[in-house]
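Trainee: need a 3D model of the following:
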Amino acid sequence: MKSPTLVAAVVIRAALSVCILSAACNLAVADPVARTANAVATVAPDTPPAAAQPQPRVYLFRGALGPIFSRGMDRLTNRLQEAGIRADVYEFTICRLIADQAIRDFRNDPAPIVLIGHSMGGLCALTFAGILKSENIQVSLVVTIDPAQASPKVPLNVERFINIFLSDSILGGGDVVAEQGYQGHYASFDLKQHGEVTHINIDKMDSMHEQVVTAIAQLATTPAKGEAVPLRYVVPPDAPLELWDSGTQQLARSGDTLQKLAALNHVPLWSLTQANQHSDSAPLSVGQRVLVPRRLAPPVATPAASRRKR
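Mentor: As a prediction, this is how the structure comes out:
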């Protein structure tokens, strides 16, 4: 009788012979993880890289006597160009002419459109947006800087609107509102309590220029979708101008106060007390809706980001 050791050796030798002749056996004895990886590689091709977002076109407009009193628009144009953003500045008197050219440019080469104007240039920016609305063209952002009081409302094709103005200004003072049914992002900042700011120098504020350039540069990565609660602020005299895009509503939890929510969201306390008309240290009711300003920046993991929203 053959020994068990000899029998085992014969069986192993036979199995190896079959494996050599059969590709199926290779799959049977291969490592399961390796088989799975090979199968995935065979079935799922490489994902093609995402297409680059088109660069925005920015149209800026000076106010009356623009070459003298609206030089801030020229400085902002230069800063945009230095940041690699396509930008040109014009007189408000040729608003319709530039709008017609913008329509042709968009038809030939679609790209996000941004409109910025000071004084009568602000009126032009809103008129310009209305012209594009009649052509079913969206406007990514409109920024008006102490626009004329006769300025039209924000049309429905504007995704984001920011108004920086002086409500007590005679030359400007346009407290612009949106058309009924507007669902875009809206933010209004009244600087009337800032005695150092006038209609003549409001367009030349470096901090505003910096924030506007940043917002435009981020347009491709910050789609204006989702909840948009209008913001309206009178900026306190000792507070810097912070250009939030709009507001969002958060539901208060047990023990929450406006002070705590301001810290969680990294916003000044005054912005919550003014918007919500509530004491900064008094407890909030559980489930109470609280309006919080925000920028439409790429999402960042913070404690506030995980809070329940309306």
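Trainee: do a quick rundown of the helices in this structure.
Mentor: For the chain, the helices defined by DSSP state H cover 4-21, 23-29, 32-43, 66-69, 71-82, 95-108, 120-134, 206-217, 258-265, 269-276.
Trainee: give the buried residues for the last one.
Mentor: The one in question is helix 269-276. Buried positions in helix 269-276, judged by neighbour count with 16 or more other Cβ atoms under 10 Å: Trp270, Ser271, Leu272, Thr273, Gln274, Ala275, Asn276. Quick note: C-beta positions are derived from backbone N, CA and C, even for glycine.
Trainee: how about the fifth one: what's its closest non-neighbour residue?
Mentor: In this structure, Gln274 finds its nearest non-sequential neighbour in Tyr233, 6.2 Å apart by Cβ to Cβ, 6 or more residues apart in numbering.
Trainee: for the fourth one, same thing?
Mentor: Once its chain neighbours are removed from consideration, Thr273 has its nearest residue in Asp280; the separation is 5.0 Å (Cβ to Cβ, 6+ apart).
Trainee: got a pLDDT number for that neighbour?
Mentor: On pLDDT, Asp280 comes in at 83.
Trainee: and what of the one 4 residues further on?
Mentor: The model reports Leu284 with a pLDDT of 94.
Trainee: that one and Ala252: what is the separation?
Mentor: Note on Leu284: its distance to Ala252, by Cβ to Cβ, to the nearest Å, is 4 Å.
Trainee: do Val290 as well
Mentor: Distance, Val290 to Ala252, by Cβ to Cβ: 6 Å.
Trainee: who touches both of these two?
Mentor: Residues touching both Val290 and Ala252 (Cβ atoms under 8 Å, 6 or more residues apart in numbering) are Leu261, Leu284.
Trainee: Gln81 - how many residues pack around it?
Mentor: As a burial measure, Gln81 scores 13 neighbours (other Cβ atoms under 10 Å).
Trainee: correct me, but it touches Arg75?
Mentor: No: using Cβ atoms under 8 Å, Gln81 makes no contact with Arg75, being 10.9 Å away.
Trainee: which residues touch the closest residue to Val177 other than its chain neighbours?
Mentor: Of all residues beyond its chain neighbours, the one nearest Val177 is Lys153 (5.7 Å), with distances taken as Cβ to Cβ, 6+ apart. Lys153 makes contacts with Leu126, Val176, Val177, Ala178, Glu179, as judged by Cβ under 8 Å, 6+ apart.
Trainee: same check, this time on His199
Mentor: Ser119, Asp146, Leu166, Ser169, Ile170, Leu171, Gly172.
Trainee: TSV for these, including neighbour count, pLDDT and distance to Thr214?
Mentor: Listed next are the contacts of His199 as TSV, based on neighbours: other Cβ atoms under 10 Å; pLDDT from 0 to 100; distance: Cβ to Cβ, whole Å:
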residue	neighbour count	pLDDT	distance to Thr214
Ser119	31	97	24
Asp146	28	98	21
Leu166	22	98	23
Ser169	21	96	26
Ile170	8	95	31
Leu171	16	94	28
Gly172	28	97	24
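Trainee: any chance of JSON lines for those, columns distance to Arg104?
Mentor: What follows is the contacts of His199, written out as JSON lines (distance: Cβ to Cβ, whole Å):
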{"residue": "Ser119", "distance to Arg104": "27"}
{"residue": "Asp146", "distance to Arg104": "31"}
{"residue": "Leu166", "distance to Arg104": "36"}
{"residue": "Ser169", "distance to Arg104": "35"}
{"residue": "Ile170", "distance to Arg104": "37"}
{"residue": "Leu171", "distance to Arg104": "33"}
{"residue": "Gly172", "distance to Arg104": "31"}
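Trainee: out of those residues, which comes closest to Leu258?
Mentor: Proximity of those to Leu258 (Cβ to Cβ) peaks at Leu166, which lies at 27.3 Å.
Trainee: would you agree that closest one is in contact with Asp190?
Mentor: Yes: the criterion here is Cβ under 8 Å, and Leu166 meets it with Asp190 at 7.1 Å.
Trainee: any low-confidence regions in the stretch 1-150 of the chain?
Mentor: Scanning the stretch 1-150 of the chain with the threshold set as pLDDT under 70 gives 1-53.
Trainee: dump the contacts of Lys153 into CSV; add neighbour count and distance to Tyr90 as well.
Mentor: CSV is the format used below for the contacts of Lys153 (neighbours: other Cβ atoms under 10 Å; distance: Cβ to Cβ, whole Å):
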residue, neighbour count, distance to Tyr90
Leu126, 26, 15
Val176, 23, 20
Val177, 17, 25
Ala178, 17, 25
Glu179, 14, 25
